[in-house]
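Student: Please work out how this folds:
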Amino acid sequence: QVQLVESGGGSVQAGDSLRLSCVASGRTFSSYAMAWFRQAPGKQREFVAVITRSGVTTYYTESVKGRFTISRDDAKNTVYLRMNSLEPEDTAVYYCAARTSFGSTVIADYDYWGQGTQVTVSS
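Tutor: Residues are numbered from 1 along each chain as shown. Coordinates of the predicted model:
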């Protein structure tokens with residue numbers, strides 16, 4: 001069982017940056033592929049970024065490529081999402097998720113979810 005706790009959300013202006021963190025409980029963090037998803041008001045939850053168990057490979061949804069960076073620190077049981085050049089369209093609740101297998105962009109593939117952190121970007 002893994003518990004995930006996100007933090008770092010907030011209200012910012014367009015063009016600003018934020019760094020989200022997700023801390024996982026347990027001693028096997030390195031065995032999990034980690035991902036970030038987001039859900040905007042009135043919309044379905046969507047994939048944002050994923051990082052493999054090794055941390056070598058990352059993948060992003062097209063709309064955030066070049067602006068967002070996912071990374072992990074296994075010594076701290078933490079995955080990060082650095083978000084630069086934020087846009088109003090990035091406004092959403094951001095969730096981190098974990099699975100004990102290869103990285104995936106599919107919501108149903110993930111076993112564990114955090115409670116989410118709100119990101120609001122105003123123009």
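
Student: what about the residue nearest to Ser30 when sequence neighbours are not counted, neighbour count?
Tutor: Excluding the flanking residues, the one nearest Ser30 by Cβ to Cβ, 6 or more residues apart in numbering is Asp74, at 4.5 Å. The C-beta positions use only the backbone N, C-alpha and C, and glycine is treated the same way. Look at Asp74: counted by other Cβ atoms under 10 Å, it has 16 neighbours.

Student: what sits against Asp74?
Tutor: Contact analysis of Asp74 by Cβ atoms under 8 Å, 6 or more residues apart in numbering lists 29-30, 55.

Student: ok, so of those, who is nearest Pro41?
Tutor: Taking Cβ to Cβ as the measure, Pro41 sits nearest to Phe29 out of those, at 31.3 Å.

Student: surely the closest one meets Ala75?
Tutor: No. Using Cβ atoms under 8 Å, Phe29 is not in contact with Ala75; the gap is 9.1 Å.

Student: Of the two, which one has the most company?
Tutor: For Phe29 versus Ala75, the count of surrounding residues by other Cβ under 10 Å is larger for Phe29: 21 against 8.

Student: Is it correct that Gly9 is in contact with Ser21?
Tutor: No. If you go by Cβ under 8 Å, Gly9 and Ser21 don't touch, sitting 9.9 Å apart.

Student: Could you pull up the residues touching the residue positioned nearest the centre of the chain?
Tutor: In the chain, the centroid-proximal residue (Cα atoms, centre = their mean) is Trp36; its distance is 2.4 Å. Contact analysis of Trp36 by Cβ under 8 Å, 6+ apart lists 20, 22, 48-50, 70, 79, 81, 94-97.

Student: would you list those in JSON lines and tack on pLDDT and secondary structure?
Tutor: Supplementary listing: the contacts of Trp36 in JSON lines, determined by pLDDT from 0 to 100; DSSP: H, G, I helix; E, B strand; the rest coil:
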{"residue": "Leu20", "pLDDT": "98", "secondary structure": "strand"}
{"residue": "Cys22", "pLDDT": "98", "secondary structure": "strand"}
{"residue": "Val48", "pLDDT": "98", "secondary structure": "strand"}
{"residue": "Ala49", "pLDDT": "98", "secondary structure": "strand"}
{"residue": "Val50", "pLDDT": "98", "secondary structure": "strand"}
{"residue": "Ile70", "pLDDT": "98", "secondary structure": "strand"}
{"residue": "Val79", "pLDDT": "98", "secondary structure": "strand"}
{"residue": "Leu81", "pLDDT": "98", "secondary structure": "strand"}
{"residue": "Tyr94", "pLDDT": "98", "secondary structure": "strand"}
{"residue": "Tyr95", "pLDDT": "98", "secondary structure": "strand"}
{"residue": "Cys96", "pLDDT": "98", "secondary structure": "strand"}
{"residue": "Ala97", "pLDDT": "98", "secondary structure": "strand"}
